[in-house]
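Visitor: structure, please.
(one chain, ligands or ions: 1)
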Amino acid sequence: MKPLLYTFRRCPYAIRARLAIKISGVEVDMQEVSLRNKPKALLDCSPKGTVPVLKLADGRIIEESLDIMQWALSIHDPESWMDKSGGLSAEAKSLIDQNDGSFKYFLDRYKYADRFPENSVSYYREQAERFLMALNTRLSQHCYLIGNHPTLPDMAIFPFVRQFAHVDHGWFYASNYNYLINWLDALLESTLFNTVMQK
Ligand SMILES: N[C@@H](CCC(=O)N[C@@H](CS)C(=O)NCC(=O)O)C(=O)O
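Guide: Purely as a prediction, here's the structure:
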């Protein structure tokens, strides 16, 4: 029996999990779920009700996207997304924490500004941009976030930058974040990304 991944195609957390699973070559079955109507089997194994969730053949449940990435890469990491010790550096962790923390917080408010009328769209965008500026500076120094080859933070973070770019595509592509734009575009055009986004 293969592990089963409960996933949602457009969810950035699910995308990062699928990217790591795909690159690792580990075979899993995938079940696309409707977030409005989550299957009982998913809620039974993970009552918190978020995706992605991975159910292993032995019944163990992995219910955090980063843990799913690390699980897959611990089995096979052909492109060295993890560091040599098979772990995540403090630098990598810190970038992902900032992404999943304050960047995601302001991204949601930028995306759904009408639901958060206490501040303006541009305020939320400016707050989110702090992280993007830091990424752009890094990417002006090397092709990927940590060095010159893609690693786990690139893969964990770009699905969220993609979401940011989609909120106001024209604004994003007219911005001065040229290094960030090139990085995002290269990842979006990659065979890996397009494979995990197939319907
Ligand atoms: N910390 C979780 C967050 C996952 C998450 O929030 N996923 C969203 C979809 S993008 C979700 O399932 N939300 C529940 C819902 O919309 O009902 C992870 O990294 O896996």
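Visitor: measure the residue lying closest to Gln31 once chain neighbours are set aside to Leu180 for me?
Guide: Spatial nearest neighbour of Gln31, excluding adjacent residues (Cβ to Cβ, 6 or more residues apart in numbering): Tyr6 at 5.3 Å. All C-beta atoms are positioned from the backbone trio N, CA, C, and that covers glycine. Distance of Tyr6 to Leu180, given as Cβ to Cβ, to the nearest Å: 31 Å.
Visitor: what about Ser24, how many residues close to it?
Guide: Per other Cβ atoms under 10 Å, the neighbour tally for Ser24 reads 20.
Visitor: and for the one 5 residues further on?
Guide: Counted with other Cβ under 10 Å, the neighbours of Asp29 add up to 10.
Visitor: and if you look at Glu126?
Guide: 13.
Visitor: secondary structure class for it?
Guide: helix (DSSP: H, G, I helix; E, B strand; the rest coil).
Visitor: let me see the confidence value for it.
Guide: pLDDT, Glu126: 98.
Visitor: so the residue nearest to Gln31 is in which element?
Guide: strand 4-7 (DSSP states H and E).
Visitor: so which strand or helix has the residue of the chain most remote from its centre?
Guide: Here the centre of the chain is the reference, and by Cα atoms, centre = their mean the most remote residue is Glu118, at 27.6 Å. For Glu118, there is no helix or strand it lies in under DSSP H and E.
Visitor: need the contact list for the residue nearest to Asp168 when sequence neighbours are not counted.
Guide: Spatial nearest neighbour of Asp168, excluding adjacent residues (Cβ to Cβ, 6+ apart): Arg125 at 7.8 Å. Arg125 makes contact with 106, 110, 167-168, 171 under the criterion Cβ atoms under 8 Å, 6 or more residues apart in numbering.
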